[in-house]
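In: Starting from these lines, generate the structure:
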Amino acid sequence: MIEVEKWLHSRIGLNFRSGLGRMQRAVDLLGNPEQTYPIIHVTGTNGKGSTIAFMRELFARHGKKVGTFTSPHIISIHDRICINGEPISDEDFIRLADQVKAMEQRLLETYDQLSFFELLTLIALLYFKEQKVDLVLLEVGIGGLLDTTNVVTGKIAVITSIGLDHQETLGNSLAAIAEQKAGIFKSGNSAVIANLAPEAQLVCQRTANDLGVTLYQANKDFSFRNGNFSSSLADFNHLLLGLEGAYQEENAALALQAFLLFMAQRNEKVDQEAVRAALQATKWAGRLEAVTEHIYLDGAHNLPALERLVEFIQEKIQQGYQPHILFGALKRKDYSGMLTYLTEHLPDADLYVTSFDYQGSLEEQDLSGYRIVSSYQEFIDTFEASAGEKDLLFVTGSLYFISEVRAYLMKQKSFD
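Out: You can find the predicted model right below:
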């Protein structure tokens with residue numbers, strides 16, 4: 001497995017967003033595995049992972065064999081490719097990687113080498129075909145229209161949110177970013193979208209009209225408020241969610257609407273109790289995850305996600321908790337804007353900034369004016385040892401940082 005990971009990592013940064021021709025040729029050479037199962041294609045600035053987690057539970061509890069492809073991974077690279085939450089094995093990963101390597105020799109006759117994300121996507125598509133899944137929940141990498149995954153035809157497209165992130169790639173306005181996200185809509189199929197800003201909503205409506213896509217919009221065609229879900233497809237009351245944060249109702253609404261739509265399109269029965277159990281059992285590593293009694297991990301890696309985290313922390317303050325924040329991010333992100341936002345909206349929280357073991361993470365010279373932690377491991381250990389009943393530590397920023405901290409905490413737990 002080490003050799004395969006080396007091979008994959010050697011392709012990071014290659015051929016980024018240079019069109020879909022190479023990827024389309026690759027799936028053709030592999031016999032178009034993506035055409036052998038229905039796909040729900042999911043994009044959005046934030047909320048993709050949580051929405052997929054809710055859908056995975058909903059389908060699994062209705063007896064479906066569900067493939068999921070998500071990124072980045074929090075624990076290991078295998079977690080990106082799962083069936084009913086179970087990661088692909090080393091053996092299957094290596095064997096399918098070898099198939100993709102062999103195919104690439106033919107691809108190189110007309111195209112450049114495949115990138116890291118293209119290779120992973122191809123391994124996933126092959127795995128799901130081999131495993132004869134009932135459906136696949138496929139997460140977009142960046143954007144939609146030009147994303148590696150957009151060689152598939154999603155029976156249902158889902159847009160979880162549209163905010164300003166990856167502007168260097170997707171554009172500097174919500175409308176421009178919406179053009180990219182709505183690029184996963186496929187002619188004659190269906191799309192489920194969040195309650196978006198008006199300019200983004202208009203782009204989605206126009207794209208849907210042009211392609212003959214049946215569009216379902218949050219707060220218009222379906223809604224989820226205070227535990228109550230309402231849609232033309234079904235109504236559910238007093239639902240409980242396994243993921244914390246009031247905003248998770250928005251992700252659960254999208255998941256439930258897409259699930260109900262998929263089932264209705266196939267005339268399949270929905271079990272009310274299975275729906276309730278699925279939503280309550282949903283977990284997603286690194287997203288407002290309470291890893292200990294006093295520590296939450298949340299990969300709020302851009303400003304829109306950070307705003308949601310701040311809302312949650314403010315709720316905890318009203319309940320009498322004292323928040324502490326440990327922040328680690330990548331230099332290429334708007335870390336300065338995120339730190340300013342935290343300072344302004346949580347003036348009474350103790351804010352600390354740290355570095356971590358990932359290329360491009362913040363360093364001390366980037367962080368003048370903030371309390372710097374040289375070792376997040378020592379900081380966390382000290383916090384855990386001295387935390388009072390109402391002390392909470394929120395570890396946030398880059399998902400790569402969250403992954404590293406989570407691995408450290410899990411290792412500490414195993415030694416307890």
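In: Now do the end-to-end distance for stretch 11-26.
Out: End-to-end distance of stretch 11-26 (CA to CA, to the nearest Å): 16 Å.
In: do stretch 206-222 as well
Out: Where stretch 206-222 begins and where it ends lie 20 Å apart, using CA to CA.
In: in it, what's buried?
Out: 207-208, 213, 215-218, 221-222 (16 or more other CB atoms under 10 Å). No exception for glycine: its C-beta is placed from N, CA and C like everyone else's.
In: Looking at these, spot the one nearest residue 296.
Out: Of all the buried residues of stretch 206-222, residue 296 sits closest to residue 218, with 26.1 Å by CB to CB.
In: Now do the closest residue to that closest one other than its chain neighbours, the pLDDT please.
Out: Residue nearest to residue 218 in three dimensions, not counting chain neighbours: residue 195, with 4.2 Å by CB to CB, 6 or more residues apart in numbering. As predicted, residue 195 sits at a pLDDT of 95.
In: what do you get for residue 167?
Out: Residue 167 is given a pLDDT of 58.
In: just to revisit the earlier point, from residue 47, how far out is the residue nearest to residue 218?
Out: 12 Å (CB to CB, to the nearest Å).
In: Residues that sit against both of these two, list them.
Out: residue 250 (CB atoms under 8 Å, 6 or more residues apart in numbering).
In: who has more neighbours, those two?
Out: In terms of neighbours (other CB atoms under 10 Å), residue 47 is the more surrounded of residue 195 and residue 47; the figures are 25 against 14.
In: hmm, back to that, show me the buried residues of stretch 206-222 that map onto helices.
Out: Those of the buried residues of stretch 206-222 mapping onto helices are 207-208, per DSSP state H.
In: now, which of the buried residues of stretch 206-222 lie within strands?
Out: 215-217, 222 (DSSP state E).
In: about what we covered before: quick check, nearest of the buried residues of stretch 206-222 to residue 248?
Out: Using CB to CB, those come closest to residue 248 at residue 218, 13.4 Å.
In: what about residue 81, distance to residue 190?
Out: 25 Å.
In: When the two are compared, which one has more neighbours?
Out: Neighbour tally, residue 81 and residue 190, criterion other CB under 10 Å: the higher count belongs to residue 81, 25 against 22.
In: TSV for the ones in strands among the buried residues of stretch 206-222, including pLDDT?
Out: Output for those, formatted as TSV (pLDDT from 0 to 100):
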residue	pLDDT
215	98
216	98
217	98
222	98
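In: Relative to residue 380, which of the residues you listed is nearest.
Out: residue 222 (40.5 Å).
In: For residue 93, give me its contacts.
Out: 1, 4, 77-78, 81, 123.
In: tell me the secondary structure for the residue nearest to residue 218?
Out: For residue 195, the assignment made with DSSP: H, G, I helix; E, B strand; the rest coil gives coil.
In: I'd guessed it sits against residue 216; true?
Out: No. Under the criterion of CB atoms under 8 Å, residue 195 makes no contact with residue 216, lying 11.6 Å away.
In: How much space separates residue 205 from residue 173?
Out: Distance, residue 205 to residue 173, by CB to CB: 17 Å.
In: Give me the more crowded residue out of those two.
Out: residue 205 (16 against 13).
In: Can you tell me what sits against the helix or strand where the more buried one lies?
Out: Counting by DSSP states H and E, the element that carries residue 205 is helix 198-211. With contacts defined as CB under 8 Å, 6+ apart, helix 198-211 is touched by 159, 162, 173-175, 177-179, 181-183, 185-188, 191, 193, 196, 213-215, 217.
In: can you tell me which of those residues are in helices?
Out: 174-175, 177-179, 181.
In: For those residues, pick the one with the most neighbours.
Out: Counting by other CB under 10 Å, top hit in the ones in helices among the contacts of helix 198-211: residue 181 with 30 neighbours.
In: isn't there a strand covering residue 372?
Out: Yes. Assessed by three-state DSSP, residue 372 belongs to a strand.
In: beta partners of it?
Out: residue 353 (DSSP bridges).
In: Which pLDDT value does the model give it?
Out: Residue 372 is given a pLDDT of 93.
In: For it, list the residues it contacts.
Out: So residue 372 contacts 352-354, 364 (CB under 8 Å, 6+ apart).
In: buried subset of those residues?
Out: Buried members of these, counted by 16+ other CB under 10 Å: 352-354.
In: I'd like these as TSV, with pLDDT and distance to residue 253 appended.
Out: What follows is the buried ones among the contacts of residue 372, written out as TSV (pLDDT from 0 to 100; distance: CB to CB, whole Å):
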residue	pLDDT	distance to residue 253
352	96	35
353	94	35
354	93	35
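In: and of those residues, the nearest to residue 263?
Out: residue 354 (45.3 Å).
In: Distance-wise, check the closest one relative to residue 193.
Out: For residue 354, the distance to residue 193 - CB to CB - is 37 Å.
In: repeat for residue 70
Out: The value you get for residue 70 to residue 193, if CB to CB is used, is 19 Å.
In: between the two, which one's more packed in?
Out: The residue with more neighbours, out of residue 70 and residue 193, is residue 193; 30 against 21, by other CB under 10 Å.
In: Now that one: closest residue in space that isn't a chain neighbour?
Out: residue 159 (4.4 Å).
In: so where's this protein uncertain?
Out: Along the chain, segments meeting pLDDT under 70 span 14-18, 165-172, 413-416.
In: still on that earlier bit, how near is the residue nearest to residue 218 to residue 180?
Out: Using CB to CB, we find residue 195 at a distance of 19 Å from residue 180.
In: Same check on residue 229?
Out: Taking CB to CB, one finds residue 229 at 29 Å from residue 180.
In: Which residue ranges of the stretch 251-400 of the chain form strands?
Out: Taking DSSP state E, counting those that start in this stretch to define them, one finds strands in the stretch 251-400 of the chain at 289-290, 295-298, 322-328, 350-354, 371-373, 391-397.
In: Any idea which of those strands gets closest to residue 26?
Out: Nearest of the strands of the stretch 251-400 of the chain (CB to CB): strand 391-397, 33.9 Å.
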